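In: model the following, please.
(2 chains)
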Amino acid sequence: MKEITTPDFTDAIGNANEINELLRRFGVKFGIYKNGEFKEQFFPFDPIPRVIDAEQFADIENGLIQRVDALNSFLYDIYHDKKIVRDGIIPEDFIYISSGYLAQCEGITPKNKIYSHISGIDLVQGKDGEWYILEDNLRIPSGASYPLIARELTRIASPDAFRKNNIVDNRNYADLLCETMEYVNCGGIRAILTPGRYNAAYFEHSYLAEHTGSILVRSDELFVEDNILWHKTYSGQKTRIGVLYRRISDEYLDPLTFLPESLIGIPNLMEAYRSGNVGIINAPGNGVADDKGIYYFVPKMIKYYLGEEPILKNAPTYLPFYEDDRKYVIDNLDRLVIKDVAEAGGYGVVFGSDMTAEKLGNLKDMILSQPRRFIAQEVIDFLDLPILDDGQTVMRKADLRAFVLSGETTRVWASGLTRFSRNPDSFVVNSSQGGGFKDTWVRSL
Amino acid sequence: MGTISLEHSDCLYWLGRYTERVFTTLKALQETYDNMLDKNIGYEEYLGYFELPDKYDNNIDFLRSFLFDKQNFSSVAYSLERAYDNGIVLREDISTEAFSFLQVAKDPLKNAKSAKNTRLALLPLEDVLYGFWGCIADNIYDEEIKNIIYCGKSTERLDLYLRMKYPYDEVNREFERLCIRLRRVPKNTPYRYNTKFLSDLVEIIGEENEYDLNSGKAVSSLERLFESA
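Out: Just a heads-up that it's a prediction; the model follows:
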């Protein structure tokens, strides 16, 4: 076993250009629509890794497993007995008016009772060293492919950085994903369903298909017959799909069940799924559990379903739905961060401290008239991470999206997507808003 | 993986065609460039092969258009973009490594645009294309997938050779290569040959002493080679 040393990034930093050149070469891009036009952008990579010590990661890992297990229990409960509502732990308002709750999924039990097979949990580390959960993403969380390919390339560009440091090898994500898919495979081949090349995460869809040995399909290549999902081959034959890792939103998945105008869905897919003839990753209807309003209740879920104290903390959150919280939010609006529960991708997030008196007034009116639409959180003074900017090291806000895979057991990928803001004054790290990413080193003992 | 959709087969075929079109066009333009060293206007013959109008002020104007202008459907740049468009949706079939060559191929073309010596600057593009084909040969284990790409490649090369009136030996060699690939295409798939048009091609290209370099019949039959019977 190698001796633990202070992380040595020198080699990685010195090869920043080479790594970015390799990322460009391998087409590591994301799509973005600006003024109605599709553009492909390279995802800026910063060579200074985020380093998480083994012991610290073990705590995060335990906390994430606990959280995702509770969320999976919640999803089963909500689409079956709703005990958590009947027992008064979560008000029913937060279930039935959530846009993520899908009545069409009532009574469906996915294979092995797993709803969230791939969970993307966003965390930040406070300046006190404590990790806080910012958001749960249980629908179609994206981003694993970027650190996956980045590690492949940094090992090429900066071999000494890996020789000198004990870093857990994270290149097993495709294996973990394969095992997760196989655990809910209902008999057939694996497929990844993409909306197509002009989707923001198309690189990820194709990269994961390549590395899991799945076929990458669009909906017009699939059809349901006799409640079974098939892939149409070019010779007029058909091949059965046993598990579908879909990368399109619930509402577009099946025009006969959800939005009838969807052109990217597969008619009757939900019937095949309901009949247990195909596994869908992640399960439709998961949005009810990652709603920003439901986030507030996750610690309560952990106690309710698992009988345990939460290991990881939520950011201090207030629900204007409750009168006491509403009063607090209105009185402290200028120092809180307000999130519109219907938005995602860093949109619909405003900081009271950045708003004019007039805008604060308007926001107060909106909160009072639509209290269920918003949550408010204390601004966590989260840790800045060093990034390389034009040859200089500067400090920027960064978060961590951890990936939790639920199959026979629940496992945390020893890596994650560390995203950072390139704007010195911003807390928003999303790639769609100009953020970059860096490798996440989990130190081994 | 043994399951190829109609959409993928189409992209595989056109990936082969466009990548080959980049390569053969590049080669032909190099020859045209060489002719230009001795002539004021050295591209008329080239335009004639493709029945294209002369809209060019001079040799340089022609070359820049046929090399770099993405709006010119006959240019190297246009074909490379289309090869890339087909490649990007085939990453899981052709591998990230093979696809990366299509990204990398854009660099020498871009560099050549501002280089003092265009021909020298374009040499790395040839290297990249050879690398791409090496990667295709090496990384794709599914022979059916590989063969569709090769069918596209051979069809494109034969088409261009016929149009540009290449010598019989070269045309015949490419035709024989295409025939080998066609024989591997499963029945009831889109790139299964049409017997009539294949027979026509055999007859037209068959014997050197009967081969008419200037006849357009071979091109017409090749265009209809994959028509349903």
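In: now do stretch A:170-177: everything it contacts.
Out: A:118, A:144, A:147-148, A:151-152, A:208, A:211-212, A:245, A:403, A:405, A:411, A:413-415, A:440, A:442 (C-beta atoms under 8 Å, 6 or more residues apart in numbering or on different chains). To be clear about C-beta, it is placed using only N, CA and C from the backbone, and glycine gets the same treatment.
In: in strands, which of the residues you listed appear?
Out: A:118, A:245, A:403, A:405, A:411, A:440, A:442 (DSSP state E).
In: for chain B, longest helix please?
Out: The longest helix of chain B (DSSP state H) is helix B:6-36.
In: after that helix, next one along is what?
Out: Counting by DSSP states H and E, the next helix or strand C-terminal to helix B:6-36 is helix B:44-49.
In: rounded mean pLDDT for that following helix, please.
Out: The pLDDT scores in helix B:44-49 average 95.
In: now it: buried residues?
Out: Residues of helix B:44-49 classed as buried by neighbour count (16 or more other C-beta atoms under 10 Å in any protein chain shown): B:46-47.
In: repeat for stretch A:84-91
Out: A:84-85, A:90.
In: just give me how far it sits from the chain centre.
Out: Taking C-alpha atoms, centre = their mean, to the nearest Å, the mean C-alpha location of stretch A:84-91 is offset from the chain mean by 26 Å.
In: same deal with stretch A:272-288?
Out: The chain centroid and the centroid of stretch A:272-288 are separated by 18 Å under C-alpha atoms, centre = their mean.
In: re the thing from before, among the ones in strands among the contacts of stretch A:170-177, which pair sits farthest apart?
Out: Across the ones in strands among the contacts of stretch A:170-177, no pair lies farther apart than A:Tyr245 and A:Val442, at 24.7 Å, counting by C-beta to C-beta.
In: which ones are touching the residue of chain B positioned farthest from its centre?
Out: Most distant from the centre of chain B: B:Asn40, at 28.4 Å, with distances by C-alpha atoms, centre = their mean. Residues counted as contacts of B:Asn40 (C-beta under 8 Å, 6+ apart) are B:58-59.
In: what's it sitting at in phi/psi?
Out: phi -70, psi -40 (degrees, to the nearest 10).
In: ok, so of the ones in strands among the contacts of stretch A:170-177, who is nearest chain B?
Out: A:Tyr245 (12.5 Å; C-beta to the nearest C-beta).
In: where does the closest one land on pLDDT?
Out: Taking A:Tyr245 on its own, its pLDDT is 98.
In: likewise A:Asp8?
Out: What the model reports as pLDDT for A:Asp8 is 66.
In: for the one 5 residues further on, same thing?
Out: A:Ile13 is assigned a pLDDT of 70 by the prediction.
In: C-terminal to the strand or helix carrying it, what's the next element?
Out: According to DSSP H and E, A:Ile13 maps onto helix A:10-14. Downstream of helix A:10-14, the first helix or strand assigned by DSSP H and E is helix A:16-25.
In: for the helix or strand that that next one is followed by, which positions count as buried?
Out: As assigned by DSSP H and E, the chain's next helix or strand after helix A:16-25 is strand A:29-34. Buried residues in strand A:29-34, defined by neighbour count with 16+ other C-beta under 10 Å: A:29-31.
In: surely B:Lys70 and B:Glu81 touch.
Out: Yes: B:Lys70 lies in contact with B:Glu81 (C-beta atoms under 8 Å); the separation is 6.0 Å.
In: comparing those two, which residue is more hemmed in?
Out: B:Glu81 (16 against 13; other C-beta atoms under 10 Å in any protein chain shown).
In: now A:Met355, nearest residue through space, not along the chain?
Out: A:Leu363 (6.9 Å; C-beta to C-beta, 6 or more residues apart in numbering or on different chains).
In: how close does that neighbour sit to A:Val350?
Out: In this view, A:Leu363 and A:Val350 are 7 Å apart by C-beta to C-beta, to the nearest Å.
In: give me the common contacts of those two.
Out: Going by C-beta under 8 Å, 6+ apart, residues that sit against A:Leu363 and also against A:Val350 are A:Ile338.
In: so which bits of the helix ranked longest in chain A are buried?
Out: Ranked by number of residues, the top helix in chain A under DSSP H is helix A:54-78. If you call a residue buried by 16+ other C-beta under 10 Å, then helix A:54-78 has these buried ones: A:57, A:60-61, A:63-78.
In: I'd like to know how many residues surround A:Glu225.
Out: If you count neighbours by other C-beta under 10 Å, A:Glu225 ends up with 10.
In: identify the residues contacting it.
Out: By C-beta under 8 Å, 6+ apart, the contact set of A:Glu225 is A:Lys238.
In: next, give phi and psi for it.
Out: Torsion angles, degrees, to the nearest 10, at A:Glu225: phi -140, psi 130.
In: who does it bridge with?
Out: Taking DSSP bridges as the rule, A:Glu225 bridges to A:Ile228.
In: domain assignment for chain A?
Out: Split into domains by automatic domain parsing, chain A comes to A:10-309+A:382-442, A:316-378.
In: packing partners of the longest helix of chain A?
Out: helix A:83-86, strand A:118-125, strand A:131-137, helix A:287-290, helix A:298-301, strand A:392-406, strand A:410-412 (3 or more C-beta pairs under 8 Å, 6 or more residues apart in numbering or on different chains; DSSP states H and E).
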